[in-house]
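A.B. asks: Sequence first, predicted model second:
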Amino acid sequence: VTGATGGLGAEICAGLASLGYDVVVAGRDPRRGEALASRLRASGASASYVRWEATDLASAHAVARAAGGRPCALLVNNAGVMGRAVSKAETVRTNLLAPAALTLALLPALRRHDSPRVVNVGSSSHLRARRVAAATLESPRSDANLLAYAQSKLGLMQLSLLLRASLPWLT
């Protein structure tokens, strides 16, 4: 689960742990990530933390290595950013490119499971975007009007459709 060190991500981890999943808490804050994994283990769950920085696409391979060759039943791409605090480029990298990179890095582990799933957390804001503009990937400007956020969520939705169409074994 990405973006797992707080909010929705932490709740998803707790829910999956209660269902018996071996949970990997992926996020950028080691203190919060280790604390969540520790709480989950204290409740009897199997959980570990791996540092994952969405703006560093290479960190997807660190998460894939954390799978240790084991089958991966479920990937939840939950991490996301939006608003004035981040640039348009960072918004698209975090919300679209990072989940795509992580999904591709985990494909071998997902393939080893009987019925693997990828869940990409979207937003109805995708309805405000007609397309994902390539220029957005280079823009240092703030995403004040949330257009980059809408574009990134539209792209994430398209990624989900492409995965489903091209990898029928992945649900």
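C.D. replies: Received the coordinates, thanks.
A.B. asks: Only the buried residues of the helix or strand of the chain with the lowest mean pLDDT, if you could.
C.D. replies: In the chain, no helix or strand scores lower on mean pLDDT, DSSP states H and E than helix 59-66, which sits at a mean of 87. The neighbour-count check on helix 59-66 (16 or more other CB atoms under 10 Å) flags 59-60, 62-64, 66 as buried. (Each C-beta comes from the backbone N, C-alpha and C, glycine too.)
A.B. asks: So what pairs up with the spatially closest residue to P30 that is not a sequence neighbour in the strands?
C.D. replies: Distances taken as CB to CB, 6 or more residues apart in numbering place R51 nearest to P30, at 5.9 Å, with adjacent residues excluded. Taking DSSP bridges, one finds G27 as the beta-bridge partners of R51.
A.B. asks: my guess is R51 meets R65, correct?
C.D. replies: No. The pair R51 / R65 is not scored as a contact, 11.6 Å apart, by CB atoms under 8 Å.
A.B. asks: follow-up on the earlier one: tell me the first helix or strand C-terminal of the least confident helix or strand of the chain.
C.D. replies: strand 74-77 (DSSP states H and E).
A.B. asks: list the buried ones in that next one?
C.D. replies: Neighbour-count burial for strand 74-77, counted by 16+ other CB under 10 Å, picks out 74-77.
A.B. asks: what does stretch 156-171 give?
C.D. replies: Of the residues in stretch 156-171, 156-157, 159-160, 163, 170 count as buried by neighbour count, 16+ other CB under 10 Å.
A.B. asks: and if you look at stretch 142-154?
C.D. replies: So, applying 16+ other CB under 10 Å, buried residues of stretch 142-154: 143, 146-154.
A.B. asks: quick check: mean pLDDT across that stretch?
C.D. replies: Mean pLDDT, stretch 142-154: 94.
A.B. asks: Check stretch 96-104 too.
C.D. replies: For stretch 96-104, the per-residue pLDDT averages 95.
A.B. asks: what sits up against that stretch?
C.D. replies: 2, 52, 54-55, 57, 60, 63-64, 75, 77, 79, 118, 120, 132, 137, 151-153, 155-156, 159, 163 (CB atoms under 8 Å, 6 or more residues apart in numbering).
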